[in-house]
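Chemist: with the sequence up front, the predicted model follows.
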Amino acid sequence: MEARSNSEALLRREIAAATRLLNHEGILGYSGHVSARLPGRDALLIQPFDTSRAALAPDDLLVVDLDGRLLDGGERRRPASEVFIHTEILRARPDVGAVAHFHPETATLFTLVEGVALAPVRNHAARWAAGIPVHPNPAHIDDVALGRDLAQTLGDRQAALIRAHGAVVVAEDVRSLFVDCIHFEENAAALYRAAALGPVRPLSADEVAAFTATFDRARHTAKLWTYYVGRGLAVGVLDSAV
């Protein structure tokens, strides 16, 4: 096994922490996964198929190439079965540094009804103002062709839903990805609840522009990461700060 760089060691800690915290928040359950591109390599870190999301440790993570082949992590271990979600999105999107696939209960509802799209209604959902496409195939994405199809549905957007299945969210790094996953399901829950009150008014183009003009994404990410890591430390979800 090659010696790990400082950047890889930090990525491992971030992925493990994000996975545990998303599990604790009820966003990532017994399945789903977070990956990150390894700097300077056509490879990524992703968890094994059979490791609990509630107990994932940095050393559990596997290194795989963009064809899904195991490069580092133990001969008897295999990556998450839907690794091709991650490999094909990272192959198609050089701007993306981290990918999450999960099965949000509320957001997925919007793939099951006609004429009701998941639209931005909370201010931080301006991230998805360009739209959240719905991938029409609910199948388990366990080969290259299916992963490539999903990457095409995602296109240049920052999230996609998978009909009757779940979601993918992409971001520039793991911490930003974690925050986006929190806001993604918050927005879906807000839209679902608001619809019970009456006709919903999604954010307008002018409202999105006004919000994004003053929004400091890096500062917001740092604030929320610190908050959720603190929560995790307080209840024993994490055993050290990241």
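Modeler: Nice, thanks for sending it over.
Chemist: these two touch, right, Glu14 and Ser176?
Modeler: No - contact criterion C-beta atoms under 8 Å: Glu14 and Ser176 do not qualify, at 10.6 Å. Just so you know, the C-beta spots here come from the backbone N, C-alpha and C atoms, and that holds for glycine as well.
Chemist: helices or strands up against the top helix by length along the chain?
Modeler: Ordering each helix of the chain by length in residues (DSSP state H) puts helix 174-195 first. Packing partners of helix 174-195 (3 or more C-beta pairs under 8 Å, 6 or more residues apart in numbering; DSSP states H and E): helix 6-24, strand 33-37, strand 98-102, helix 105-109, strand 166-171, helix 217-235.
Chemist: now those in TSV, with mean pLDDT?
Modeler: Below are the helices and strands packed on helix 174-195 laid out as TSV (pLDDT from 0 to 100):
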stretch	mean pLDDT
helix 6-24	96
strand 33-37	98
strand 98-102	98
helix 105-109	97
strand 166-171	98
helix 217-235	98
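Chemist: relative to Ala189, how far out is the spatially closest residue to Tyr192 that is not a sequence neighbour?
Modeler: The shortest distance from Tyr192 to any non-neighbouring residue, by C-beta to C-beta, 6 or more residues apart in numbering, is to Thr106 (5.4 Å). Applying C-beta to C-beta, to the nearest Å, the value for Thr106 to Ala189 is 5 Å.
Chemist: mind listing residues that contact stretch 176-193?
Modeler: Here stretch 176-193 makes contact (C-beta atoms under 8 Å, 6 or more residues apart in numbering) with 18, 21-22, 25, 27-28, 34, 98-100, 102, 104, 106-107, 109-110, 118-122, 124-125, 127-128, 158-159, 167, 169-171, 200, 202, 217, 220-221, 224-225, 228.
Chemist: now with 6 Å?
Modeler: With C-beta atoms under 6 Å, 6 or more residues apart in numbering as the test, stretch 176-193 has contacts from 18, 22, 27, 98, 100, 104, 106-107, 118, 121-122, 124-125, 169, 171, 221, 224.
Chemist: pLDDT (mean, whole number) over that stretch?
Modeler: Averaged over stretch 176-193, pLDDT sits at 98.
Chemist: that stretch: which residues count as buried?
Modeler: 176-192 (16 or more other C-beta atoms under 10 Å).
Chemist: with stretch 22-41 instead?
Modeler: Residues of stretch 22-41 classed as buried: 22-25, 27-28, 32-38 (neighbour count, 16+ other C-beta under 10 Å).
Chemist: nearest to Ala55, of those residues?
Modeler: Among these, Asn23 lies closest to Ala55 (C-beta to C-beta), at 9.0 Å.
Chemist: how close does that closest one get to Ala164?
Modeler: For Asn23, the distance to Ala164 - C-beta to C-beta - is 22 Å.
Chemist: with Ile89 instead?
Modeler: From Ile89 over to Ala164 (counting by C-beta to C-beta), the distance is 20 Å.
Chemist: neighbour count winner among those two?
Modeler: Using other C-beta atoms under 10 Å as the criterion, Ile89 and Ala164 rank with Ile89 on top: 22 against 14.
Chemist: wait, a strand at the more buried one?
Modeler: No - read with DSSP: H, G, I helix; E, B strand; the rest coil, Ile89 is helix and lies in no strand.
Chemist: just checking, it touches Ala151?
Modeler: Yes - between Ile89 and Ala151 there is a contact under C-beta atoms under 6 Å: 4.9 Å.
Chemist: for Pro58, which non-adjacent residue is spatially closest?
Modeler: Arg12 (3.6 Å).
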